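for reference, the sequence and a predicted model appear below.
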Amino acid sequence: MLDRGLAALSAAKLSGLLRQPGLLPALQELVLLEGGAHWQELLSASSVGRAAGPSALAVDPTTTRRLGEPPHEQTVGRAAGPSEPAKLPSRSQPRALWYGVFALAARLLIALGVSLYRSPTTSPTWGWNAPDLLTEKPNETPREHLTALATAAEAWFDQPRAAAGDLEASIRQMRAGCHRLIADAHPALGAEDRQWLVQKCRDWGVKFDAQLAAIEGGAAPAQVREAMDKTVRTLIEKLHERADAHRA
């Protein structure tokens, strides 16, 4: 993250960070003190960097260096040229400048976080997450209910699944739908059918979690997508088979 910015974080880690805002101050300080070229460029292009001016942000290179770098040559008093990127301020710089940079870091973290996490946090409305899917329907039969669940699952194949980020978001939304099925009372089903459905959802959820772990671990999206597609086709078949068992 220090080298590549928040794009290096998985959706799960970014979600955890955004849900614990108390961690942001420490993260901001870490970014400001040890952030690499990615953060340097953001600072250089920011309103804080422009307002402070190159001379204000240029500090003694011996006191400002990235983690793991050897000390720079002694060039005390040299002002940053117009083409040079602004440097992060050292602890010895005026407090007002530090406050400005911290404010910038907070804005960057929030803006990037919202951008990267928009897809996972948007409430899904497809598949098992469709608002009206589990609405109690008068006189709905077990066969009709199970068939509706199978049909809803087919929406998986209409979701963006090519890029790793899109695939991960779609798996998470499918997983959220599984949780929803487990929690619902399913009034159209008898106790035996509901128990079967809950157990199947748990089994499918385990497979979804495995594919999430794979994509977060750097597995090829095509490989994960193929495994997910296979799981979804299988669960659709199982739901149809269970529905057909109620055929009059």
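That came through, no problem.

please, which helix or strand holds the closest residue to L149 other than its chain neighbours?
In this structure, L149 finds its nearest non-sequential neighbour in L239, 5.3 Å apart by C-beta to C-beta, 6 or more residues apart in numbering. From N, CA and C alone the C-beta is placed, and that goes for glycine too. Using DSSP states H and E, L239 falls within helix 221-244.

would you mind pulling up the elements that that helix packs against?
Applying 3 or more C-beta pairs under 8 Å, 6 or more residues apart in numbering; DSSP states H and E, we find helix 221-244 packed against helix 142-153, helix 164-183, helix 191-216.

between the ones you listed, which gets nearest to D132?
helix 142-153 (9.9 Å; C-beta to C-beta).

with just CA atoms, put that closest one into CSV.
Taking C-alpha atoms only, helix 142-153 is exported to CSV below (Å, rounded to 0.1, in the frame of the first residue of the first chain):
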residue,chain,number,x,y,z
PRO,A,142,-42.7,-25.2,-2.5
ARG,A,143,-42.1,-26.0,-6.2
GLU,A,144,-42.7,-22.4,-7.2
HIS,A,145,-40.5,-21.0,-4.4
LEU,A,146,-37.6,-23.3,-5.2
THR,A,147,-37.9,-22.7,-8.9
ALA,A,148,-37.8,-18.9,-8.2
LEU,A,149,-34.6,-19.3,-6.3
ALA,A,150,-33.0,-21.3,-9.1
THR,A,151,-34.1,-18.7,-11.7
ALA,A,152,-32.7,-15.9,-9.5
ALA,A,153,-29.3,-17.6,-9.3
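
what angle do that helix and helix 164-183 make?
Counting by axes from the mean of the first three to the mean of the last three C-alpha atoms, to 10 degrees, helix 142-153 lies at 160 degrees to helix 164-183.

will you turn the helices and strands packed on helix 221-244 into JSON lines that also has distance to V232?
JSON lines is the format used below for the helices and strands packed on helix 221-244 (distance: least, C-beta to C-beta, whole Å):
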{"stretch": "helix 142-153", "distance to V232": "6"}
{"stretch": "helix 164-183", "distance to V232": "7"}
{"stretch": "helix 191-216", "distance to V232": "9"}
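
okay if I get these as a markdown table plus mean pLDDT, mean neighbour count and distance to L32?
Output for those, formatted as a markdown table (pLDDT from 0 to 100; neighbours: other C-beta atoms under 10 Å; distance: least, C-beta to C-beta, whole Å):
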| stretch | mean pLDDT | mean neighbour count | distance to L32 |
| --- | --- | --- | --- |
| helix 142-153 | 97 | 19 | 47 |
| helix 164-183 | 93 | 20 | 27 |
| helix 191-216 | 95 | 16 | 27 |
